[in-house]
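Asker: How does the following fold in three dimensions:
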Amino acid sequence: MIILLTYFLKITILLFFIGVFGLVLNRRNILIALVSLELLLLSVNLNFVMFSIYLDDTMGQLFVLFILTIAAAESGLGLSILVAFYKLRNSIEFKLIKINNLKF
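Answerer: Below is the predicted model of the structure:
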């Protein structure tokens, strides 16, 4: 059974829009925003891998390694900031974050 490239493109588009909607519609929880951002990056990675296999080129897989490295660093840094913020405020809601007297 041969799985066509269009099926994977539909899956990556679906995952990408779920991540976008998670970022846009999320107003409170920082964890949901981080997970949505990771979902965006992973859908792009799946797209790179599928086109790399389809075109028989390794550059897409090399880009995936770079994106995964950046995603891991972003997750580690974001979660460490989240832990420090929780220790200060005892909550991880966006409403409590103030930057230059602006409320989010």
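
Asker: So for stretch 80-87, what gets flagged as buried?
Answerer: Neighbour counts over stretch 80-87 (16 or more other C-beta atoms under 10 Å) mark residue 85 as buried. For the C-beta atoms, the positions are set from N, CA and C on the backbone; glycine is no exception.

Asker: cool, and stretch 60-78?
Answerer: 60, 63-64, 71, 78.

Asker: how about TSV for those, with distance to residue 15, secondary structure and pLDDT added?
Answerer: As requested, the buried residues of stretch 60-78 are exported to TSV (distance: C-beta to C-beta, whole Å; DSSP: H, G, I helix; E, B strand; the rest coil; pLDDT from 0 to 100):
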residue	distance to residue 15	secondary structure	pLDDT
60	17	helix	88
63	17	helix	91
64	15	helix	92
71	14	helix	88
78	20	helix	85
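
Asker: ok, which pair from those residues is furthest apart?
Answerer: Farthest pair in the buried residues of stretch 60-78 (C-beta to C-beta) is 60 and 78. Separation: 25.9 Å.

Asker: buried set for the host helix or strand of residue 44?
Answerer: Take DSSP states H and E as the rule and residue 44 turns out to sit in helix 30-55. For helix 30-55, a neighbour-count test (16+ other C-beta under 10 Å) marks 30, 33-52 as buried.

Asker: helices or strands up against that helix?
Answerer: Helix 30-55 makes packing contacts with helix 5-25, helix 59-89 when contacts are defined by 3 or more C-beta pairs under 8 Å, 6 or more residues apart in numbering; DSSP states H and E.

Asker: which strands and helices sit next to the last one?
Answerer: If I follow you right, that is helix 59-89. In terms of contacts (3+ C-beta pairs under 8 Å, 6+ apart), helix 59-89 is packed against helix 30-55.

Asker: Measure how far the helix it packs on is from the centre of its chain, please.
Answerer: 7 Å (C-alpha atoms, centre = their mean, to the nearest Å).

Asker: Please apply the same query to stretch 17-29.
Answerer: Distance of stretch 17-29 from the chain centroid (C-alpha atoms, centre = their mean) equals 11 Å.
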